[in-house]
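>>> Sharing a model prediction with you, sequence too.
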Amino acid sequence: MLTLSRLAARSLWNRRTTALLTLLSIAVSVTLLLGVERVRTQAKLSFANTLSGTDLIIGARTGQVQLLLYSVFRLGNATNNIRWESYERIRDLQSVRWTVPLSLGDSHRGYRVLGTSTDYFTHYQYAGDHTLRFAQGKPFAGTFDAVLGAEVASKLNYQIGDEIIVAHGAGQTSFVRHDTMPFTVTGILARTGTPVDRTVHVSLEGIEAIHLGWEGGAPPRVQLGVEDVAQADLQPQAITAMLVGLTGKFQVFQVQRWVNEYRGEPLMAIMPGVALQELWGLMGVAEKALVVIAAFVVVAGLLGMLTMILSSLNERRRELAILRAVGARPLQILGLMLSEAGILSLLGALAGLLLFHLVLAVAEPFALEYYSLQLQWQPLTLYEWRLLGAVVAAGVLIGLWPSWRAYRLSLADGMTIRV
Amino acid sequence: MSENLVDIQNLRFGWPGQSPVLDIPAWQVAPGERVFLQGASGSGKSTLLGLLSGVHQPVSGHLMVDGVQLSGLKGASLDRFRADHLGYIFQSFNLLPYLSVVENVTLPCHFSRARRERLKSLGLNARREGMRLLSALKLPDSVFDRSVTGLSIGQQQRVAVARALIGRPPLVLADEPTSALDAATRGRFLELLFRELEAAQSTLIFVSHDDGLRQFFDRHDSLADLNRIHPEMAEEL
């Protein structure tokens, strides 16, 4: 026995070219909607996963977002430094369990060079409790050893043992290069999906060495070489920022206040979680704009369906009159048209889902490689299912309009066949 | 209760805001009769069919079909009445192009419980009855599950007859069903139609302007004689 929806499906199949095009436009819009949603949540997640396990970030007094940007995301520059004595005083506080000094300011072919201690490799955590892992090699030991982030190594095609030249300043093309003191790659880190992948790590002493003889940001008159470094005192005078781990969560506010009230120089301590949230809040507008655009594309797709059904109505008055003549009630005509909208939007949503996973599979390696965006396959979240449901519901809702018109037409035409 | 299948008394109909087009003092059709109702175009034939099938509502008077008083019935009840009691054969063969031949025939059973019940009481299901009707109307088995678009005009009209007759509706209305057929196939068509009407014990009201067909029928009426309003006075839309 033919049911209304089967009848609707057969009728649609009879008009399959337009129906398929309509379905496709709904599918594409659904794919976009799901894609935007997935990229948005994954970006937010990988953003929030950038740094964990660190209780406080300490730097020169500035805005907390700015401190976060240059210390964790390697974006922008520090306004000021932390003197080494200050670093030592904080390090020696009772409630401080570990510290990692960060010294920024140089770069290698557009990638930031970070001077730090080997503690970095044990205490830096991301995405919950992940610690840094070496894909190859080992941490730096000597002054001119360097450890590369995964992206630096893969993009610039570096191997263990390669020599790299560090440039002064953060620009992609710096004119002042520390040519005479090359670093040797001793280790390459596994991919983390964080800014660590785009960082060249060296020891604090290395940073000191390449700046020997520099005064006020100007290079020395006579270029110094590796041999000059041997006799020099490489004790750092200042660092850019530091990561701090405390003995307990209760110490966070206490240490934060201690740092903020520190009289030696103007410092500030921020909680990374809070700062990350504030930073993400800044990007919230773009995030919302994306969602709104995706939603409008879905609306456009559904409007296409509306156009298709509405414009088919006139040529279908004959079909509706036949159905009326064989006993279909106007309400059943309404149901028939509604099933048509329902079938189209349901199939459109399913096709969109399929297309979405296809695109995801294709885009995954690229997103990771070029944007450090993890787009792993995962089952649809409840929210994504709700989005799909909303699309189908909106499709049926929009279908009410042509259905109502068909209902009126079939009431008016009865069994008289016009056209 | 009238014994007649169709009982009309003082039936008047006119389009809103216009002068009446039909005024029939009395007209009866007994069960099993085959009535040839002749009328020139514009004489109100289609309007009368519209009244009998419950599409139009009479302005006043008595209109009873198969024991159902149609004047005064409202939308949904009229739809139910039409689905359950009527088979309708159109001037042009109105088959749905996206359904197979058999599916077109069984379509009314989908919309009418009464038709299904009647078939069930005879121990038949819709598809089997549809195929039986098609065979009886001399359509080859090979086309049953094919699309209707491949059929000849004569074949399409016979499919339409099978559709009107399935589930044995008490009354079959035919609106110039032979106008697209040539003289030779016309007689053959009517012969088959009558045989199946007999089997279904259905009554037929056959409307046509073509006087040449009256020889096939045992009762002929002329709408001009029934209707007190002269055709020239009324204009059918």
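Structure received. If you're wondering where the values come from, they're calculated on a predicted model, not measured in any experiment.

>>> Could you pull out the strands in chain B for me?
For chain B, applying DSSP state E gives strands covering B:6-13, B:22-29, B:34-38, B:60-65, B:68-69, B:86-89, B:171-175, B:203-208, B:219-222.

>>> Out of those, which is the most enclosed?
Among the strands of chain B, strand B:86-89 has the highest mean neighbour count (mean count of other CB atoms under 10 Å in any protein chain shown), at a mean of 26. The way it works is simple: take the backbone N, C-alpha and C, and place the C-beta from them, glycine included.

>>> name the helices or strands packed onto that one?
Contacts defined by 3 or more CB pairs under 8 Å, 6 or more residues apart in numbering or on different chains; DSSP states H and E place strand B:86-89 against helix B:153-165, strand B:171-175.

>>> Please identify which of these is closest to chain A.
Within the helices and strands packed on strand B:86-89, the stretch nearest chain A is helix B:153-165; the backing value is 6.6 Å (CB to the nearest CB).

>>> Report all helices and strands that that closest one contacts.
Partner elements for helix B:153-165 (3+ CB pairs under 8 Å, 6+ apart): strand B:86-89, helix B:101-111, helix B:126-136, strand B:171-175, helix B:183-200.

>>> same thing but 10 Å
Packing partners of helix B:153-165 (3 or more CB pairs under 10 Å, 6 or more residues apart in numbering or on different chains; DSSP states H and E): helix A:317-325, strand B:86-89, helix B:101-111, helix B:126-136, strand B:171-175, helix B:183-200.

>>> which stretch in the ones you listed has the least confidence?
Of all these, mean pLDDT reaches its minimum on helix A:317-325 (a mean of 83).

>>> tell me the average confidence for the first helix or strand past that helix going along the chain?
Moving toward the C-terminus from helix A:317-325, the next helix or strand (DSSP states H and E) is helix A:330-371. Per-residue pLDDT over helix A:330-371 has a mean of 87.

>>> Report the angle between helix A:330-371 and helix A:317-325.
130 degrees (axes from the mean of the first three to the mean of the last three CA atoms, to 10 degrees).

>>> in the helix or strand that helix A:330-371 is followed by, what counts as buried?
As assigned by DSSP H and E, the chain's next helix or strand after helix A:330-371 is helix A:382-413. With burial defined by 16 or more other CB atoms under 10 Å in any protein chain shown, the residues of helix A:382-413 counted as buried are A:384, A:387-388, A:391-392, A:394-396, A:398-399, A:402-403, A:405-407, A:409-410, A:413.

>>> which strands and helices sit next to helix A:382-413?
helix A:16-48, helix A:272-315, helix A:317-325, helix A:330-371.

>>> got those helices as a markdown table, with mean neighbour count and distance to chain B columns?
Formatted as a markdown table, the helices and strands packed on helix A:382-413 follow (neighbours: other CB atoms under 10 Å in any protein chain shown; distance: least, CB to the nearest CB, whole Å):
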| stretch | mean neighbour count | distance to chain B |
| --- | --- | --- |
| helix A:16-48 | 19 | 10 |
| helix A:272-315 | 16 | 12 |
| helix A:317-325 | 23 | 4 |
| helix A:330-371 | 19 | 7 |
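
>>> can you put the ones you listed in TSV and add distance to B:Ser147?
Listed next are the helices and strands packed on helix A:382-413 as TSV, based on distance: least, CB to CB, whole Å:
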stretch	distance to B:Ser147
helix A:16-48	14
helix A:272-315	18
helix A:317-325	15
helix A:330-371	20
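
>>> Which elements pack onto the least confident helix or strand in chain A by mean pLDDT?
The weakest-scoring helix or strand in chain A, judged by mean pLDDT, DSSP states H and E, is helix A:226-229 (a mean of 74). Where contact means 3+ CB pairs under 10 Å, 6+ apart, helix A:226-229 is packed against helix A:204-210.

>>> on that earlier part again, could you dump the helices and strands packed on strand B:86-89 into TSV and include distance to B:Arg82?
Shown next, in TSV, are the helices and strands packed on strand B:86-89 (distance: least, CB to CB, whole Å):
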stretch	distance to B:Arg82
helix B:153-165	12
strand B:171-175	10
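
>>> nearest to B:Arg146, of the ones you listed?
helix B:153-165 (10.8 Å; CB to CB).

>>> Just the buried residues of that closest one, please?
Per 16+ other CB under 10 Å, helix B:153-165 contains these buried residues: B:154-165.

>>> from the chain's centre, how far out does it sit?
Distance, stretch centre to chain centre, for helix B:153-165: 12 Å (CA atoms, centre = their mean, to the nearest Å).

>>> contacting residues for the closest residue to chain B within the stretch 101-250 of chain A?
With CB to the nearest CB as the measure, A:Gly193 is the residue of the stretch 101-250 of chain A nearest to chain B, at 52.2 Å. With contact set as CB atoms under 10 Å, 6 or more residues apart in numbering or on different chains, A:Gly193 has these partners: A:42, A:45-47, A:49-50, A:126-127, A:130, A:150-151, A:368, A:371-374.

>>> Now do the SS call for it.
Three-state assignment for A:Gly193 (DSSP: H, G, I helix; E, B strand; the rest coil): coil.

>>> Quick check on it: phi, psi?
Torsion angles at A:Gly193 (phi, psi; degrees, to the nearest 10) stand at phi 70, psi 20.

>>> what secondary structure does A:Asp197 sit in?
Relying on three-state DSSP, one would call A:Asp197 helix.

>>> With A:Leu243 instead?
Using three-state DSSP, the structure places A:Leu243 in strand.

>>> cool, and A:Ala8?
helix.

>>> got a list of what the residue in the stretch 301-419 of chain A that chain B sits nearest to touches?
In the stretch 301-419 of chain A, the residue found nearest to chain B is A:Gly327; the distance is 2.9 Å by CB to the nearest CB. For A:Gly327, the contact set (CB under 10 Å, 6+ apart) comprises B:79-88, B:107-112, B:114-115, B:167, B:169.

>>> Repeat that for A:Leu338.
A:4-5, A:8, A:396-397, A:399-400, A:402-404, A:406-407 are the contacts of A:Leu338 under CB under 10 Å, 6+ apart.

>>> Need the residue closest to the centroid of chain A.
By CA atoms, centre = their mean, the mean C-alpha position of chain A lies nearest to A:Ala43, the distance being 2.4 Å.

>>> Next, the contact list for that one, please.
By CB under 10 Å, 6+ apart, the neighbours of A:Ala43 are A:280, A:283, A:287, A:290, A:367, A:371-375.

>>> Tell me the confidence at the nearest residue to A:Val202 once chain neighbours are set aside?
Leaving aside its chain neighbours, A:Val202 sits nearest to A:Ala146 (5.0 Å; criterion: CB to CB, 6 or more residues apart in numbering or on different chains). Listed pLDDT for A:Ala146 reads 95.

>>> secondary structure element for A:Ala146?
strand A:145-148.

>>> Looking at chain B, which residue is nearest chain A?
For chain B, CB to the nearest CB, closest residue to chain A: B:Ala83, 2.9 Å.

>>> Leaving out chain neighbours, which residue sits closest to that residue?
Nearest to B:Ala83 is A:Gly327, by CB to CB, 6+ apart, at 2.9 Å.

>>> Give me the phi and psi for the one you found.
Torsion angles, degrees, to the nearest 10, at A:Gly327: phi 110, psi 0.

>>> Tell me how far it lies from B:Leu107.
Distance, A:Gly327 to B:Leu107, by CB to CB, to the nearest Å: 8 Å.

>>> partners of the residue positioned nearest the centre of chain B in the sheet?
In chain B, the C-alpha nearest the mean C-alpha coordinate belongs to B:Leu173, at 1.4 Å (CA atoms, centre = their mean). Under DSSP bridges, the beta-bridge partners of B:Leu173 are B:Tyr88, B:Ile205.
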